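[1] quick one: sequence and predicted model below, then my questions.
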There are 2 protein chains.
Amino acid sequence: MATIKDVARKAGVSTATVSAVMNDTAFVSSELRVRVVTAIRELRYEPSQAARNLRRNRSQLIALAVADLSNPFYARIVWSAEAAVAAWGYSLVLFNSDEKPDTERRILSRIRTLGCDGMVLVPVGAANQYQQHEFEGIATVLLGRSIEGNSADTVTIDNHAAGRQAVDYLLDLGHRRIGSVTGPMQLSTSKGRLDGMIDAMAARGLAPQPGHVRSGEFREEAAYSVARDMMGSPDRPTAIYVANGVMAIGVMRAIADLGLRCPQDVSIASTDTVAGAGGLKPRLTRTEHPIADMTNEALRLLVDRIEERGAEPVRNIIFQPALIVGESCMPLRGDAG
Amino acid sequence: MATIKDVARKAGVSTATVSAVMNDTAFVSSELRVRVVTAIRELRYEPSQAARNLRRNRSQLIALAVADLSNPFYARIVWSAEAAVAAWGYSLVLFNSDEKPDTERRILSRIRTLGCDGMVLVPVGAANQYQQHEFEGIATVLLGRSIEGNSADTVTIDNHAAGRQAVDYLLDLGHRRIGSVTGPMQLSTSKGRLDGMIDAMAARGLAPQPGHVRSGEFREEAAYSVARDMMGSPDRPTAIYVANGVMAIGVMRAIADLGLRCPQDVSIASTDTVAGAGGLKPRLTRTEHPIADMTNEALRLLVDRIEERGAEPVRNIIFQPALIVGESCMPLRGDAG
DNA sequence: AGACTTTAGCGAAACGATTAGCTATCGGGG
DNA sequence: CCCCGATAGCTAATCGTTTCGCTAAAGTCT
């Protein structure tokens, strides 16, 4: 592989001039410029990113660490993020913490030694599991979930509104015994959505029964077993609010396996969506996140932090969910519709 | 950020000794070793990957360029690849060529300047669009699709067998007028699957009618419009073989929009799968690829090439598809079942 | 014409690690 | 008692860029 010295020698100039031509960083007479570019072309010279990184102390790499790559929600984020990162002139380094705090810790350290210029993180652990120095010296944007007490920029949705919207919809259909399958309580997303649900019910003088609120991992299997258990008892809820798209699949499967039909016997509303929803029957009624917008915004903030040295104040951007009505909910039988 | 010199000064040793301790590359007395490690800890020293890369001429980066990140099939590959890459001690740089040869060209150049140690590529263009030098000096494994005349290792499935299996199944159900919605003919995958279909029919003295074989982009929308057109005419096929999971969703939607029901009026068999298949109704009958195995194998080959300098012969690994029977096919009405 | 400013281009010092080759030091054998 | 080999650790070169500061030639003003 040809180096800048080879080019300089061949063109009869100094390496500084070659560098100037490459980066358009100083005026070079057209005569020298043409000698340099032909030399570059003939030698098929491409500058060594490693040397450049060392000198410039930049890597042009942006890391994205998501919580669960098997979840279509995060797959969708990856898709958007790749496009946005490329559009800003960076490359995307992808990590999957698989909802495991230990894995996440290793990832943070790896991101640091790779020298990524910035990272977008979907945090996995509880707030107290993070050390301050894990974020020092690297631009960070938290996406989807936030960490209490952390001073990084965040881009999230209004989880409280999401839970509230979905459950208000169920209440409007006449449901009173509403259950919920939700995620781990240490995550801001799960907690916010459940709070929204509780507030929606409280606003009408109701409250979920103790056994009707279950939490587990944000995974299909966890949701399946929890839902099977909850829906097996005779005083089962007439409607369920599921806090996550993948869990919704698990819940629907559990219901089918119990011999119940989805809108007729149990209504299901969820927050967040799954891919292939076009073919899913019945189509879920759900509150959707504007995933692409959120991801783009996260990268805009991140690149801003990377490229402007200015210590702007912390920014927290909150997106509003939108209720998408599918076919997974029905008015409560014999009740007002 | 502390450098190796700071550590050396603080520990009262030379940088060579610090390096030796870090990399376990030479014997260091336990006294010095302990001085070095405490200095490292106190200064929170982490070696600069950039400097290391420059010196070692390695980057510990593996690039993965897939054809379409919006396709769950590739999302699944990304998931597996991230895990495999991490397990081998590398990090994954992700690119999406979005089925566009021009974008792919830019990506190849970017991979090169990033100095990735190797790449896994799902090629997008026709064979003659590739230049030899685009692959020179960087370990490459082609995944899923191959490029005729290219000398890189490949990991693919037996597309011919996939088409043949799926269509044999339809034939066994008594279908005779079978159509196909398939991908671009310049891709080895589309061509192989279609050939498999044709051979399956030929083996029984049949051939698809000219208007019943349609190709388009590997996208839901393309499949939708093509299927709508094909299924609108009176001599429409009684069964369709769809060469791709995402297209199958489009075809099912087209059929529903035409007022036809899926197994009863039209049987659908496809190759390759989509995520969320657990919730999809009716579940697709399809030939599945062992995605995780294929991806792992691709990375095994790649790391092998990167780490062994030996010029082993080119390896082409072909995986066999498996037929998964769902509920999207029925015996032809009034025919032998 | 002399003094002063501009500017194209060069030389060499960084950046922070790895590593080949060298220098002491120590113990043991003749 | 001297010499030799082994070995722990150091010195300095090196990887390929970028960039600061400099030189010398050319232009501008009085």
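    Received, thanks.

[2] quick one: is stretch A:68-77 near chain B?
    Yes. Part of stretch A:68-77 sits near chain B under the criterion CB under 8 Å from any CB of the partner chain, namely A:Leu69, A:Ser70, A:Pro72, A:Ala75. From N, CA and C alone the C-beta is placed, and that goes for glycine too.

[3] now the residues you listed in JSON lines, please, with extra columns for pLDDT, secondary structure and neighbour count.
    Shown next, in JSON lines, are the residues of stretch A:68-77 next to chain B (pLDDT from 0 to 100; DSSP: H, G, I helix; E, B strand; the rest coil; neighbours: other CB atoms under 10 Å in any protein chain shown):
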{"residue": "A:Leu69", "pLDDT": "95", "secondary structure": "coil", "neighbour count": "23"}
{"residue": "A:Ser70", "pLDDT": "90", "secondary structure": "coil", "neighbour count": "17"}
{"residue": "A:Pro72", "pLDDT": "87", "secondary structure": "helix", "neighbour count": "23"}
{"residue": "A:Ala75", "pLDDT": "94", "secondary structure": "helix", "neighbour count": "24"}
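
[4] from those residues, which is closest to DNA strand C?
    For the residues of stretch A:68-77 next to chain B, the residue nearest DNA strand C by CB to the nearest atom of the strand is A:Leu69; the value is 30.5 Å.

[5] mind listing what that closest one touches?
    Going by CB atoms under 8 Å, 6 or more residues apart in numbering or on different chains, A:Leu69 touches A:Ala75, A:Val78, A:Asn96, A:Asp98, B:Ala75, B:Val78, B:Trp79, B:Glu82.

[6] neighbours around the nearest residue to the fourth one once chain neighbours are set aside, how many?
    Leaving aside its chain neighbours, A:Asp98 sits nearest to A:Asp68 (6.2 Å; criterion: CB to CB, 6 or more residues apart in numbering or on different chains). By other CB atoms under 10 Å in any protein chain shown, 21 other residues sit near A:Asp68.

[7] that older thread, with respect to DNA strand C, which of the contacts of A:Leu69 is nearest?
    Nearest to DNA strand C among those is B:Glu82, at 25.2 Å by CB to the nearest atom of the strand.

[8] look up which helix or strand that closest one falls in, please.
    Secondary structure assignment for B:Glu82, by DSSP states H and E: helix B:72-87.

[9] near chain A at all, that helix?
    Yes. Using CB under 8 Å from any CB, helix B:72-87 reaches chain A at B:Pro72, B:Ala75, B:Val78, B:Trp79, B:Glu82, B:Ala83, B:Ala86.

[10] relative to helix A:72-87, how tilted is that helix?
    Counting by axes from the mean of the first three to the mean of the last three CA atoms, to 10 degrees, helix B:72-87 lies at 80 degrees to helix A:72-87.

[11] tell me how far helix B:72-87 lies from the chain's centre.
    9 Å (CA atoms, centre = their mean, to the nearest Å).

[12] go on, stretch A:289-309?
    Here stretch A:289-309 shows a centroid-to-chain-centroid distance of 12 Å under the convention CA atoms, centre = their mean.

[13] for A:Leu61, give me its contacts.
    A:Tyr90, A:Ser91, A:Leu92, A:Val93, A:Leu114, A:Gly115, A:Cys116, A:Asp117, B:Val93.

[14] which parts of chain A are helices?
    Remark: helices assigned in chain A by DSSP state H are A:4-11, A:15-23, A:30-43, A:49-56, A:72-87, A:101-114, A:159-172, A:188-202, A:220-232, A:245-257, A:262-265, A:291-307.

[15] what's the third one packed up against?
    If you count contacts as 3 or more CB pairs under 8 Å, 6 or more residues apart in numbering or on different chains; DSSP states H and E, helix A:30-43 packs onto helix A:4-11, helix A:15-23.

[16] would you turn those helices into JSON lines with distance to A:Arg236 and mean neighbour count?
    As requested, the helices and strands packed on helix A:30-43 are arranged in JSON lines below (distance: least, CB to CB, whole Å; neighbours: other CB atoms under 10 Å in any protein chain shown):
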{"stretch": "helix A:4-11", "distance to A:Arg236": "72", "mean neighbour count": "18"}
{"stretch": "helix A:15-23", "distance to A:Arg236": "67", "mean neighbour count": "18"}
